[in-house]
Each structure stands twice: as C-alpha cells, then as structure tokens.
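Trainee: What follows is a predicted structure for the sequence shown.
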Amino acid sequence: MDAQVIKAMQDYMRELTHTLISFIGRRAVLAFFTYQLRDSGIILNEQGVLVFPSGNEEQIQKLFQKWVQEFFTKFITDFGYDFANHIFEQSFDVLRTAYNPATINSLLFYLPENALLTEKIKSLSTEELHERVFSRTRELEELNASLEQQIAERTRQLNEANNGLGDVNKKLIKLDTARKEFLSITSHQMRAALTAIKWTFDVFMQSSDFKVMKEVSQKNLYAAYLQTGFLIRLVQNLLNDARIEDGRFLYSFSTVFVHPFLKDLITAMEFVARTRSVALQYQAPKNTELAIRADAEKIRLVFENLIDNAIKYSPAQSAVSISLQQTSTVVVISVADKGIGIPKTEQTLIFGKFFRASNTKTKSGSGLGLYLAKKIINDHGGSISFDSNEKAGTTFHITFPLMIRTPATQKKDWMEQELAAIH
C-alpha cells in the first residue's frame, strides 16, 4: 500500500475526530474511543490528538476500516444517515487539497460501503459504473425472483392453513351449538327437579312434623334447603348467560311500583336470612308510589342476588339494610351489609363474568350474579355502583330512571294490572 494512502487514512481519522469533538465534546469522544475502540490500539490523548500504533500496512488498513465503520455507525445512530454522510463528506473535502486524485480514490475504496456514495460513483470510470449498475440490477432481479417465490410459497401455506381453520371453525360452531343445546335442556330439567325439591322442603318445614323434630335435624334440613336454593339460582344464572350469548335474553317492560315490589321480595327472603341469624331492615320512602319502567322478573333476579349475597357474607347477629330513595330524576335502591367486604385491589373486577373475590372462596357461588345484575340494570337505562371496605361491609347503589306518572300512564298501569290478573 502506498505510504501516501496510509498517511491519508491517518489524516482522515484525525479530521473526523476533530469534527466529532466539535459536536459532542472531547470527554464524550474520549469515552467513545475508550469503549468502542479499546482493542484497536488507537489512542486519543488528553490534547485530542490521535496516536496510531506502529505496524505494517495491512494492520493499518484493517484498523482504518474498523475505526471508520465504528465511527460512521455511531454518527448514524446519534444523528441519522444524512447528517453522518454530510460530516464524512465535509471531512473528506479537507483532504482533497492535500492529496492527489489517485490517493483520494484509493482512500474511498477503504471507506464503509454506504459512506460517501456520491464520491465513490464519481471516482468510477464509465465501464466500472456500467458494470456496477449491471451487477446491482442482476442482484435485484435475483432478489425479486426469490421474494416472489417465497411469497408464493407463503401464500400457499396460508391458504392451506386458512382452509384448515375453516374446517376447525365449522367443528367448533357445531360443538358450541351442541353445548348450548345440552346446557339449555339439562338446565331446564335440573331447575324443574330442584324446584320440586324446594317446594317439598317449604311444605315440610311449615308442618307440625318439622316443629317436633330435634334441633340438629332441623338444622340439617335448613342447610339442605339453602343449598337447593343456591342450585336453583346457579342453574337460572347459567340459563340467563346462555340466553345473553344467543341474543335471547329479552325483556317485557311494564310499570313496576318499587315500594311494594321490594316489600314482597324482602318478605320472601326473610326465611333465608333467619336461618343465618341475619336481620333484614327496610327503610321505606315517604312516597310509596314511586314507579319505574322495568321487567319485574329480571330486576327481581338482580335484587335476589344482591340481598342473598349480603346475607351470605354477613356475620351472624348482624343486619342487612335495604333503602329506597328518590331524586328528581331517578330512583335509588341501596343494599348494605356489614360483611367481609371486597378487597380494594379486586374492586374493578367485581362485575366480570365468573369473577369471585379472593375472600369468598369458602362460600358457594358461580361468579355470574353481579355480571348478570350489571347487564340487566344497564339494559334498563340504570346504573350500579358500590362502596366497600374489606372486613367492614359493602353497599350497592342501584339507580333507575324515575317514571313520571300522568293520568294517561295511570290508566295504562291499571290496564296492565288487569291483563296480568287475567293471565
């Protein structure tokens, strides 16, 4: 290698170093050399002067190529390709006045492939330029042919996979349909059988035979009665969830007078509360004529679940409070207990399908009750929220739009009640 080319390499590296120092400072460049080029033998002294190791021409050449490549990569990473190339061109222009064209062209040969492309093209003869264009065109054609082949192969694989997924999807749809049919038939049969069992319990526990039984036997029957009620609600929740999935969870809206609706429901649930030594307290409103537009059967499911949960998670000798209030636009029903509460970290998940809080695992439940409650209340244009502290209790607040009753709506209410009585 010509001695002038070796010297040009060293001068170019010095020029690039000075340029980099002007941009990012001597300390940062010194750190770059220490870390990136610690094995190269090149040293940047405290005065910012490059000191090269002694060695043969081949070592200097390899060192130059490694150094400049590291330098160019650093510039591209920190400032982008265009700026990096501009700095290389600027430093290169300084060498033009000091070296002849042959030395400059030789130096270009050792620079990174993507650096100073314009200068490299200028240095080529017409024949060399044509050869490079032809070579690059051939490479691009080969690459394009390879890509087309890969795309065709991948397309074929995707089509095969898609056909396979289509078959799998059909099987899944068929299995899901069978699952829903099985769940529907089984649930109806179970609900009918469980209801018959519960009615038998109801009749027997009101008979004189039950009253003369030993206390331990009565408690066992109470436990069986409660489990039967739980199973009926579980089956009902599963049925309702299946209906929601199929779009068959329909509503039949009518005028519901909230005060008598709640009184009847609380009366029906007092027996369950007594078996668990929990009192039900109802705070009636001043206006007992409050009305909402609702599906009475569906909202009964909501409040049965909320009150049953409050009873189930309350300690013995405590009370569950149900209150009814109104504002100018909504009816607010609250169900409060002094039970186990909901862990703070799980409160955002409480309305999720099949979710059960971590402190409820010792109690039976499906994780569907609150999910269905929120669905039903939202479909009524209402809302459900809660306040809860772990080990201190929970209060659920349910709102429904208040129905403003006029003479026309009162007449409609009367007709609906008469039709209900006929049916």
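Mentor: Received, thanks. Numbering: from 1, shown residues only.
Trainee: what residues does stretch 286-295 touch?
Mentor: 251-260, 324, 326, 331, 376, 380, 400-403, 405, 413 (CB atoms under 8 Å, 6 or more residues apart in numbering). In short, each C-beta sits where N, CA and C put it, glycine included.
Trainee: Selecting buried members of the residues you listed in ChimeraX, what would you type?
Mentor: Here is the ChimeraX selection string for the buried members of these, based on 16 or more other CB atoms under 10 Å:
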select :255,256,257,258,259,324,331,376,380,400,402,403,413
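Trainee: Just the ones of the contacts of stretch 286-295 in helices?
Mentor: 258, 259, 260, 376, 413 (DSSP state H).
Trainee: ok so, going back, which members of the contacts of stretch 286-295 occur in strands, if any?
Mentor: Among those, DSSP state E puts 254, 255, 256, 257, 324, 326, 331, 400, 401 in strands.
Trainee: ok, the residue nearest to the fifth one when sequence neighbours are not counted - contacts?
Mentor: Excluding the flanking residues, the one nearest residue 324 by CB to CB, 6 or more residues apart in numbering is residue 285, at 4.8 Å. Taking CB under 8 Å, 6+ apart as the definition of contact, the neighbours of residue 285 are 259, 324, 325, 326.
Trainee: Relative to residue 312, which of those is nearest.
Mentor: residue 324 (22.2 Å; CB to CB).
Trainee: How far does stretch 237-248 sit from its chain's centre?
Mentor: The chain centroid and the centroid of stretch 237-248 are separated by 24 Å under CA atoms, centre = their mean, to the nearest Å.
Trainee: where exactly do the helices run in this structure?
Mentor: 3-24, 26-36, 57-79, 81-96, 101-109, 117-123, 126-205, 208-211, 215-246, 258-275, 296-312, 369-379, 407-422.
Trainee: residue contacts, residue 16?
Mentor: 68, 71, 87, 88, 91.
Trainee: got a winner among those residues for most neighbours?
Mentor: Ranked by neighbour count (other CB atoms under 10 Å), the contacts of residue 16 have residue 71 at the top, with 25 neighbours.
Trainee: now the helices of the chain in JSON lines, with distance to residue 390 and mean pLDDT?
Mentor: As requested, these are exported to JSON lines (distance: least, CB to CB, whole Å; pLDDT from 0 to 100):
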{"stretch": "helix 3-24", "distance to residue 390": "56", "mean pLDDT": "78"}
{"stretch": "helix 26-36", "distance to residue 390": "53", "mean pLDDT": "69"}
{"stretch": "helix 57-79", "distance to residue 390": "52", "mean pLDDT": "74"}
{"stretch": "helix 81-96", "distance to residue 390": "58", "mean pLDDT": "77"}
{"stretch": "helix 101-109", "distance to residue 390": "74", "mean pLDDT": "79"}
{"stretch": "helix 117-123", "distance to residue 390": "68", "mean pLDDT": "56"}
{"stretch": "helix 126-205", "distance to residue 390": "33", "mean pLDDT": "80"}
{"stretch": "helix 208-211", "distance to residue 390": "39", "mean pLDDT": "82"}
{"stretch": "helix 215-246", "distance to residue 390": "24", "mean pLDDT": "77"}
{"stretch": "helix 258-275", "distance to residue 390": "23", "mean pLDDT": "90"}
{"stretch": "helix 296-312", "distance to residue 390": "15", "mean pLDDT": "92"}
{"stretch": "helix 369-379", "distance to residue 390": "17", "mean pLDDT": "92"}
{"stretch": "helix 407-422", "distance to residue 390": "43", "mean pLDDT": "51"}
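Trainee: Looking at those helices, which is nearest to residue 281?
Mentor: helix 258-275 (9.0 Å).
Trainee: Now do that closest one: which elements does it pack against?
Mentor: helix 215-246, strand 279-283, helix 296-312, strand 319-326, strand 330-336 (3 or more CB pairs under 8 Å, 6 or more residues apart in numbering; DSSP states H and E).
Trainee: 7 Å - rerun?
Mentor: Judged by 3 or more CB pairs under 7 Å, 6 or more residues apart in numbering; DSSP states H and E, the packing partners of helix 258-275 are helix 215-246, strand 279-283, helix 296-312, strand 319-326.
Trainee: can you list the ones you listed in a markdown table and add distance to residue 157?
Mentor: Formatted as a markdown table, the helices and strands packed on helix 258-275 follow (distance: least, CB to CB, whole Å):
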| stretch | distance to residue 157 |
| --- | --- |
| helix 215-246 | 34 |
| strand 279-283 | 65 |
| helix 296-312 | 50 |
| strand 319-326 | 61 |
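Trainee: Quickly compare these and say which is most buried.
Mentor: helix 296-312 (a mean of 21; mean count of other CB atoms under 10 Å).
Trainee: helices or strands next to it in the packing?
Mentor: So helix 296-312, by 3+ CB pairs under 7 Å, 6+ apart, packs with helix 258-275, strand 319-326, strand 330-336, helix 369-379.
Trainee: now the helices of the chain in CSV, with distance to residue 343?
Mentor: Shown next, in CSV, are these (distance: least, CB to CB, whole Å):
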stretch, distance to residue 343
helix 3-24, 52
helix 26-36, 50
helix 57-79, 48
helix 81-96, 54
helix 101-109, 70
helix 117-123, 64
helix 126-205, 31
helix 208-211, 40
helix 215-246, 23
helix 258-275, 25
helix 296-312, 15
helix 369-379, 15
helix 407-422, 43
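Trainee: and of these, who's closest to residue 363?
Mentor: helix 296-312 (5.7 Å).
Trainee: so how far is the closest one from its chain's centroid?
Mentor: 30 Å.
Trainee: Quick check: closest non-adjacent residue to the residue nearest in space to the middle of the chain.
Mentor: Taking CA atoms, centre = their mean, the centroid of the chain lies closest to residue 349, which sits 12.0 Å from it. The spatial neighbour of residue 349 that comes closest, neighbours along the chain excluded (CB to CB, 6+ apart), is residue 355 at 5.1 Å.
Trainee: next one: residue 191
Mentor: Residue 191 sits nearest to residue 235 (CB to CB, 6+ apart), 4.7 Å away.
Trainee: All good on my end, thank you.
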